[in-house]
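Engineer: show me how the following folds:
(one chain, ligands or ions: 1)
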Amino acid sequence: MTIISPFRLITRPLYKFYVQGELEKMAYPIEMQDTIKKVEASRSERIDRSFPRLNFVEKAKLLETYHPDFRLSEKGEIPFGPNQGEFVPKELVTLLESPSRLNPDAIDFGKVDFKTDVLIIGGGGAGVTAALFAKENGADVLLTTKLRLGDANTIMAEGGIGAATLPEDSPVIHYIDTMVGGRCQNIPELVETLVNDAPFIVEWLTDLGVNFDRLPDGSYFAHMPAGHSRKRSHSVKDITGLEIMRVLCDEVRNQEIRFLEFSPAVELLLDDRGQCAGAALYNFDTEQYLVVQAKTTLLATGGIGRLHIQGFPTSNHYGATADGLVMAYRAGAELLYMGFIQYHPTGIAWPEQMLGLLISEALRAQGAQVVNVEGEMFVDRLETRDALSAAIIRECGERGKGVLTPTGMVGVWLDTPLIDIVGGGPGTFLRRFAGIHSRFKKYGIDPVKEPILVYPTQHYQNGGVETGVNGETNIPNLYVAGEVAGGVHGHNRLGSNSLVDIFVFGRRAGIDMARKVSQIEAGELSLDHVRAYQKSLKELGIVSGTVSPMLLPDYRFEKALTTVQYTKGR
Ligand SMILES: Cc1cc2nc3c(=O)[nH]c(=O)nc-3n(C[C@H](O)[C@H](O)[C@H](O)COP(=O)(O)OP(=O)(O)OC[C@H]3O[C@@H](n4cnc5c(N)ncnc54)[C@H](O)[C@@H]3O)c2cc1C
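Structural biologist: Purely as a prediction, here's the structure:
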């Protein structure tokens, strides 16, 4: 494997001046431009062609050989607790083997800072939805979040939200696609609930004011992400999450729901009856711990991208550090499918400043093909994310047909100029993907005219805390919703199925929590489960150099991640 020295960057002129005196960055270095010429040269021959789809056997073999989930050397065994003996990413095991950042003896339950019916932990799509429905159903609600309200993966969603709203579609077809995409490991009742509630969710969001893309006759515009067999992804250009969160955060304020910012939860509280009874929070500003006593508690803390599993870059926001999984596990909740991580095939591989950020699947749905350094197709552009990622890893690793960047990253081309050629005519890219366009323009790349270099990026946790159809867990009065929950997506989530998941199950959890409030008899608050957990660590001789939950990733001493392990075997 050749790694090109980053110092070569310094010796090459990176900028050129334009007559207007404007300084424009020249984005692609000369050696990358040479391979772009090959992409351009092969375009007319590829334009009407598609690559043969993988059959089940080919797909299984591809995954087993190249998908990072199957690198057993990168997994660790959970040492104790409900999932003892299961193999999950080592980075997660490290957190589960760490003592709490909270000293249980330092918490004084004589002083409760907040009392509420419903405590929502997490200010992304699942959390705010649950808060709105709990409030609508009569509960007193407190929402607490790690950063600002809305700082979350949800706000970054680009592609769209999946629901069978068009006449040629139905929840039954949505169900079948979702099960096949999840390698048939999905929990059937969860999928049934997801697909049946999905059309209502799109209507609900529309009624609140979300401006979904429309066709000239006023009906919904929908596209078909990979693994779906019908057009069912409803978008707002390429800023779907931003638009949805704009509306939902407004609604939280309109409904006068109390919320705390920069106040992450650090441990769940149980009571002496083993029920969940709230959480201990840490205020980033005052550096004080706060006690919240709640009749029902929802974890809606999102995903784990910032663990950078196996050194992959990530598409996730800074708060995605697996806190919910750690807190739930310490309290005794069961995890499901945490060995299955989603690497989105089209993370940005160049320029370095945007490493790992997402290029939505919608670009492939709109005609962009994936090609190697020679401009050759090597996989169908609409294979599911797991298979497409594995094919890209194979192309860049074993086959040596990736494009090397000056900083040692590698990738394949996403031939975006095809979008205006075959995907809807001139102007389509700008109309549909203005956000992505402006992001690249800053670095002097015009994706209408030039391809984009991509490589898989850590995107989503397919598993999570085991849950029922209303978000309930095995711990009384503890609920989960959104990415922190597991089961509905099986081993591999389909595109557009997460946005709908967070609203379907966020809503259901909010309603059920409010309903349950009147039946709950609270006991004495306790952190004994944290003490017991730490005792188990000690008894097993597990010594950790960290504490958990992580709360924020620490990049202080690290260079940006540029050398993902693309040549690594299993
Ligand atoms: C770039 C990108 C694009 C995507 N595009 C799509 C798409 O087009 N369609 C689709 O279906 N899915 C998409 N997804 C996936 C989808 O957006 C997410 O899975 C989903 O939004 C997660 O919602 P959530 O509410 O569960 O988590 P989040 O939206 O991540 O919210 C979690 C919240 O919890 C907070 N939090 C974390 N830890 C704590 C703590 N300890 N205490 C308090 N608060 C905490 C976080 O700060 C955050 O506010 C995309 C994801 C990304 C990253």
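
Engineer: for the rest of this, base every contact and every neighbour count on C-alpha atoms.
Structural biologist: Fine.

Engineer: what parts of the stretch 451-570 of the chain come near the ligand?
Structural biologist: Counting by CA under 6 Å from any ligand atom, the stretch 451-570 of the chain comes close to the ligand at 459, 482-484, 495-499, 502, 551.

Engineer: repeat that for 8 Å
Structural biologist: For the stretch 451-570 of the chain, the contact set with the ligand under CA under 8 Å from any ligand atom comprises 459-460, 481-485, 494-502, 549, 551.

Engineer: now do the strands in the stretch 301-450 of the chain.
Structural biologist: Along the stretch 301-450 of the chain, counting by DSSP state E, counting those that start in this stretch, strands occupy 335-336, 341-348, 369-371, 403-404, 410-415.

Engineer: related to what we said a few turns ago, just the buried ones among the residues of the stretch 451-570 of the chain next to the ligand, please.
Structural biologist: Taking 16 or more other CA atoms under 10 Å as the criterion, what is buried in these is 459-460, 481-485, 494-502, 549, 551.

Engineer: can you say which of the strands of the stretch 301-450 of the chain is nearest to Met224?
Structural biologist: Met224 lies closest to strand 369-371 among those, at 14.9 Å (CA to CA).

Engineer: which SS state does the residue sitting nearest the centre point of the chain fall under?
Structural biologist: In the chain, the C-alpha nearest the mean C-alpha coordinate belongs to Tyr460, at 3.6 Å (CA atoms, centre = their mean). When classified by DSSP: H, G, I helix; E, B strand; the rest coil, Tyr460 comes out as strand.

Engineer: show me what contacts the residue lying closest to it once chain neighbours are set aside?
Structural biologist: Using CA to CA, 6 or more residues apart in numbering and skipping the chain neighbours, the partner closest in space to Tyr460 is Gln342 (4.9 Å). For Gln342, the contact set (CA atoms under 8 Å, 6 or more residues apart in numbering) comprises 385-386, 458-462, 492-493.

Engineer: so Gln342 versus Asp272, what's the distance?
Structural biologist: Distance, Gln342 to Asp272, using CA to CA, to the nearest Å: 38 Å.

Engineer: do the same with Arg53
Structural biologist: Per CA to CA, Arg53 is found 56 Å from Asp272.

Engineer: tally of neighbours for Tyr343?
Structural biologist: Neighbour count of Tyr343, defined by other CA atoms under 10 Å: 30.

Engineer: likewise Asn103?
Structural biologist: Neighbour count of Asn103, defined by other CA under 10 Å: 11.

Engineer: go on, the one 5 residues further on?
Structural biologist: Other residues within reach of Asp108, judged by other CA under 10 Å, total 11.

Engineer: how is the chain partitioned into domains?
Structural biologist: The record's domain parsing of the chain by automatic domain parsing lists 8-49+342-458, 104-158+240-340+462-532.

Engineer: off-centre distance for the last one?
Structural biologist: What it means is domain 104-158+240-340+462-532. Averaged C-alpha coordinates place domain 104-158+240-340+462-532 at 15 Å from its chain's average position (CA atoms, centre = their mean, to the nearest Å).

Engineer: repeat that for the first one.
Structural biologist: In terms of CA atoms, centre = their mean, the centre of domain 8-49+342-458 is set 21 Å apart from its chain centre.

Engineer: the ligand is nearest to which of the strands of the stretch 301-450 of the chain?
Structural biologist: strand 341-348 (9.2 Å; CA to the nearest ligand atom).

Engineer: report the inter-axis angle for the closest one versus strand 410-415.
Structural biologist: Relative orientation of strand 341-348 versus strand 410-415 (axes from the mean of the first three to the mean of the last three CA atoms, to 10 degrees): 70 degrees.

Engineer: how about the contacts made by the nearest residue to Gln275 once chain neighbours are set aside?
Structural biologist: Excluding the flanking residues, the one nearest Gln275 by CA to CA, 6+ apart is Pro476, at 4.9 Å. Applying CA under 8 Å, 6+ apart, we find Pro476 in contact with 274-276.

Engineer: got a pLDDT number for Pro476?
Structural biologist: As predicted, Pro476 sits at a pLDDT of 98.

Engineer: one more: Arg49?
Structural biologist: At Arg49, the pLDDT value in this model is 91.

Engineer: mean confidence (pLDDT) on stretch 497-509, please.
Structural biologist: Stretch 497-509 comes out at a mean pLDDT of 98.

Engineer: what about the residue nearest to Gln275, distance to the ligand?
Structural biologist: 20 Å (CA to the nearest ligand atom, to the nearest Å).

Engineer: now Arg71
Structural biologist: Distance of Arg71 to the ligand, given as CA to the nearest ligand atom: 23 Å.

Engineer: count of neighbours near that residue?
Structural biologist: 16.

Engineer: distance check, it against Val88.
Structural biologist: 11 Å.

Engineer: and Val480, by the same measure?
Structural biologist: For Val480, the distance to Val88 - CA to CA - is 20 Å.

Engineer: same question for Ile309.
Structural biologist: Using CA to CA, Ile309 is found at 10 Å from Val88.

Engineer: give the buried residues for stretch 531-545.
Structural biologist: Buried, per 16+ other CA under 10 Å, within stretch 531-545: 531, 533-534, 536-537.

Engineer: helix, strand, or coil at Gly541?
Structural biologist: Applying three-state DSSP: Gly541 is coil.

Engineer: residue contacts, the residue lying closest to Pro188 once chain neighbours are set aside?
Structural biologist: With sequence-adjacent residues excluded and distances taken as CA to CA, 6+ apart, Pro188 is closest to Val488, at 7.6 Å. By CA under 8 Å, 6+ apart, Val488 lies in contact with 186-188, 190-191, 194.

Engineer: show me those residues that map onto helices.
Structural biologist: Mapping these onto helices (DSSP state H) picks out 188, 190-191, 194.

Engineer: which of those tops the neighbour count?
Structural biologist: Counting by other CA under 10 Å, top hit in those: Leu194 with 28 neighbours.

Engineer: so which of the residues of the stretch 451-570 of the chain next to the ligand belong to helices?
Structural biologist: 497-502.

Engineer: now render the residues you listed as CSV, adding distance to Met32.
Structural biologist: Listed next are these as CSV, based on distance: CA to CA, whole Å:
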residue, distance to Met32
Asn497, 35
Ser498, 35
Leu499, 35
Val500, 38
Asp501, 39
Ile502, 40
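
Engineer: just checking, Ala27 touches Thr405?
Structural biologist: No: counting by CA atoms under 8 Å, Ala27 does not reach Thr405; the two are 11.4 Å apart.

Engineer: the two - which one has more neighbours?
Structural biologist: Legend: neighbour count by other CA under 10 Å for Ala27 and Thr405, higher for Thr405 (24 against 19).

Engineer: list the contacts of Val530.
Structural biologist: 100, 104, 330-331.

Engineer: again, only this time at 7 Å
Structural biologist: Arg330 (CA atoms under 7 Å, 6 or more residues apart in numbering).

Engineer: and the pLDDT at it?
Structural biologist: Looking at Val530, its pLDDT reads 98.

Engineer: from Tyr329, how far off is it?
Structural biologist: Note on Val530: its distance to Tyr329, by CA to CA, is 10 Å.

Engineer: re earlier: would you convert the domains of the chain into a markdown table that also reports distance to Pro82?
Structural biologist: Converted to a markdown table, the domains of the chain look like this (distance: least, CA to CA, whole Å):
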| stretch | distance to Pro82 |
| --- | --- |
| domain 8-49+342-458 | 23 |
| domain 104-158+240-340+462-532 | 6 |
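
Engineer: least confident of the ones you listed, on average?
Structural biologist: domain 8-49+342-458 (a mean of 88).

Engineer: and what about Phe51, helix, strand or coil?
Structural biologist: Secondary structure of Phe51, reduced to three states by three-state DSSP: coil.

Engineer: can you get me a residue count around it?
Structural biologist: By the criterion of other CA under 10 Å, Phe51 has 15 neighbours.
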